[in-house]
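1. Sequence and computational prediction follow.
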Amino acid sequence: MADLTLLRKEGLTTDTRVVVAGNNAAPILVHSLVLAAASPVLASILASSGDTSEGFTIILPGMEKERVEAEMDRMYKGDLDLDLLS
C-alpha cells in the first residue's frame, strides 16, 4: 500500500476527512476504500452513508490528532485493525 500512502500524503484522491473534535487543526485526509478494508464497522458506516459525491467526514471526539495520524499511518502500512475506531 505504499502507493496509497504517497497519494494520501499528497492529498490525491482522498475522499474522507477525519476530524479530531476539539482540535482546530486541519482534518486528516484518507481514502474511504482503505478505511473500509481495515474495518468492517467503518465499511458498514461508509456503505450506508448515502450520497458519496461530496466525500465523507468522520468526527473523532476525545482523541489526540497526533495519535490518530500515527494510527492512520499504521493502517496504510497494513499494521492496524483500526481498534482505534471501534
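-> Received the coordinates, thanks.
2. All the helices of the chain, residue numbers only.
-> 2-10, 32-38, 40-47, 65-76 (DSSP state H).
3. Deepest-packed of those helices, please.
-> helix 32-38 (a mean of 19; mean count of other CB atoms under 10 Å). Every residue, glycine included, has its C-beta placed from N, CA and C.
4. Kindly reformat the helices of the chain as JSON lines containing distance to V20.
-> Putting those into JSON lines (distance: least, CB to CB, whole Å) gives the following:
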{"stretch": "helix 2-10", "distance to V20": "16"}
{"stretch": "helix 32-38", "distance to V20": "15"}
{"stretch": "helix 40-47", "distance to V20": "16"}
{"stretch": "helix 65-76", "distance to V20": "4"}
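5. And these: which comes nearest G22?
-> Shortest distance between G22 and those, using CB to CB, is found for helix 65-76: 9.6 Å.
6. Could you report the distance from the residue most central in space within the chain to T14?
-> The centroid of the chain falls nearest to V30 when counting by CA atoms, centre = their mean (4.5 Å). V30 is 6 Å from T14, where distance means CB to CB, to the nearest Å.
7. close enough to count as contact, G62 and N23?
-> No. In this structure, G62 is not within contact of N23 by CB atoms under 8 Å, at 10.3 Å.
8. neighbour-wise, which of these two wins?
-> The residue with more neighbours, out of G62 and N23, is N23; 15 against 7, by other CB atoms under 10 Å.
9. and the gap between the closest residue to the more buried one other than its chain neighbours and A25?
-> Counting by CB to CB, 6 or more residues apart in numbering, K65 is the residue found nearest to N23 once chain neighbours are left out, at 4.9 Å. Counting by CB to CB, the separation of K65 from A25 is 5 Å.
10. Check A70 too.
-> 14 Å.
11. Please apply the same query to G62.
-> 15 Å.
12. what does L33 give?
-> 24 Å.
13. What does the pLDDT read for S48?
-> pLDDT recorded at S48 is 89.
14. cool, the one 4 residues further on as well?
-> The score at T52 is 72. That number is its pLDDT.
15. and if you look at the one 3 residues further on?
-> At G55, the model reports a pLDDT of 88.
16. just for this structure, where's the confidence low?
-> 1-2, 80-86 (pLDDT under 70).
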